[in-house]
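*Asks:* what shape does this take:
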Amino acid sequence: MGHLDHATFGWLTPVLSYAMASIGAALGLRCTVRALGTHGRSRRNWLLTAASALGTGIWTMHFVAMLGFGVTGTDIRYDVPLTLLSLLVAMLVVGAGVFTVGYSRDRSRALLAGGLTTGLGVASMHYLGMAALRLHGTVTYDPMLVGVSVTIAVIAATAALWAALNIKSPGAVALASLVMGAAVSSMHYTGMLAVGVRVAPSGSALPGATVMQFIFPLAVGLGSYLFLTSAFVALSPAARGRPSETSVAAFDDKPARAAAH
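*Replies:* Predicted coordinates for the structure are as follows:
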């Protein structure tokens with residue numbers, strides 16, 4: 001068995017990955033809170049922003065953490081299409097959960113369905129990302145720890161959606177995002193503890209891209225997206241009196257007033 005190192009750069013990658021997960025959670029929760037106070041196109045746009053932020057934050061957390069992953073006795077490469085597919089899965093399943101909660105009238109049922117769907121999707125993203133690994137050897141998994149990591153993902157996703165429905169103040173959202181960042185990071189590192197590698201030394205070249213050729217630039221790009229989107233949300237007019245929500249609500253009320261007359 002090859003020796004696995006989950007922090008080849010020390011505490012840098014775990015701390016940075018936790019920060020990415022927390023920022024994505026904070027932005028996603030804040031956008032969902034905004035969405036639940038709006039109607040029509042405005043609600044859809046806020047939910048899309050929430051889904052992209054949460055999905056991007058979770059994916060970036062995973063692959064920033066993977067920057068510090070190493071196995072003695074073999075180089076590591078990443079399959080580019082599979083890695084991009086894991087990003088797409090993260091955004092789609094988080095979007096499904098967010099839209100389920102955002103549009104359902106029965107929010108208790110939506111919370112359970114959305115939490116289960118999103119949690120399984122987050123776990124799928126993680127293991128798709130692991131399937132993208134290319135190394136000289138065989139990757140194995142401890143089934144019990146895999147099950148624990150999936151359970152953590154479902155609980156974390158359900159808690160995130162619950163927070164979006166019930167937490168309104170910026171301070172509470174910030175606290176909830178720190179907890180969510182810890183939960184997502186716990187899911188990742190529990191999943192990584194399930195990993196074992198049987199190294200088969202070889203002189204042949206590995207297919208795929210190195211972490212610095214592909215993962216690092218993509219993670220930096222998505223991290224920048226999170227920061228820029230955070231600035232947009234903080235500076236949006238809706239944060240200073242929510243005029244867009246008022247105008248949408250007034251528009252939606254016009255048919256009712258016309259019918260009354």
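*Asks:* could you dump stretch 95-110 to PDB, C-alpha only?
*Replies:* In PDB, the C-alpha atoms belonging to stretch 95-110 read as follows (Å, rounded to 0.1, in the frame of the first residue of the first chain):
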ATOM      1  CA  GLY A  95     -29.500  23.700  -8.200                       C
ATOM      2  CA  ALA A  96     -32.100  20.900  -8.000                       C
ATOM      3  CA  GLY A  97     -32.200  21.200  -4.200                       C
ATOM      4  CA  VAL A  98     -32.300  24.900  -4.100                       C
ATOM      5  CA  PHE A  99     -35.100  25.200  -6.600                       C
ATOM      6  CA  THR A 100     -37.100  22.500  -4.900                       C
ATOM      7  CA  VAL A 101     -37.000  24.500  -1.700                       C
ATOM      8  CA  GLY A 102     -37.400  27.800  -3.500                       C
ATOM      9  CA  TYR A 103     -40.600  26.900  -5.300                       C
ATOM     10  CA  SER A 104     -42.300  24.200  -3.200                       C
ATOM     11  CA  ARG A 105     -45.400  25.000  -1.200                       C
ATOM     12  CA  ASP A 106     -44.800  22.100   1.200                       C
ATOM     13  CA  ARG A 107     -41.500  23.200   2.500                       C
ATOM     14  CA  SER A 108     -41.000  20.300   5.000                       C
ATOM     15  CA  ARG A 109     -41.300  17.700   2.200                       C
ATOM     16  CA  ALA A 110     -39.200  19.900  -0.100                       C
END
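*Asks:* list the contacts of Ala51.
*Replies:* 28, 91, 94-95, 98-99 (Cβ atoms under 8 Å, 6 or more residues apart in numbering). For the C-beta atoms, the positions are set from N, CA and C on the backbone; glycine is no exception.
*Asks:* now do Phe216
*Replies:* Applying Cβ under 8 Å, 6+ apart, one finds that Phe216 lies in contact with Leu67.
*Asks:* same question, Leu112
*Replies:* Contacts of Leu112 by Cβ under 8 Å, 6+ apart are Thr158.
*Asks:* re earlier: now, the contacts of Ala51 that are in strands?
*Replies:* With strands defined by DSSP state E, no entry of the contacts of Ala51 lies inside them.
*Asks:* downstream of whichever strand or helix holds Ser108, the next helix or strand is which one?
*Replies:* Assigning secondary structure by DSSP states H and E places Ser108 in helix 107-131. The C-terminal neighbour of helix 107-131 among helices and strands, as given by DSSP H and E, is strand 133-135.
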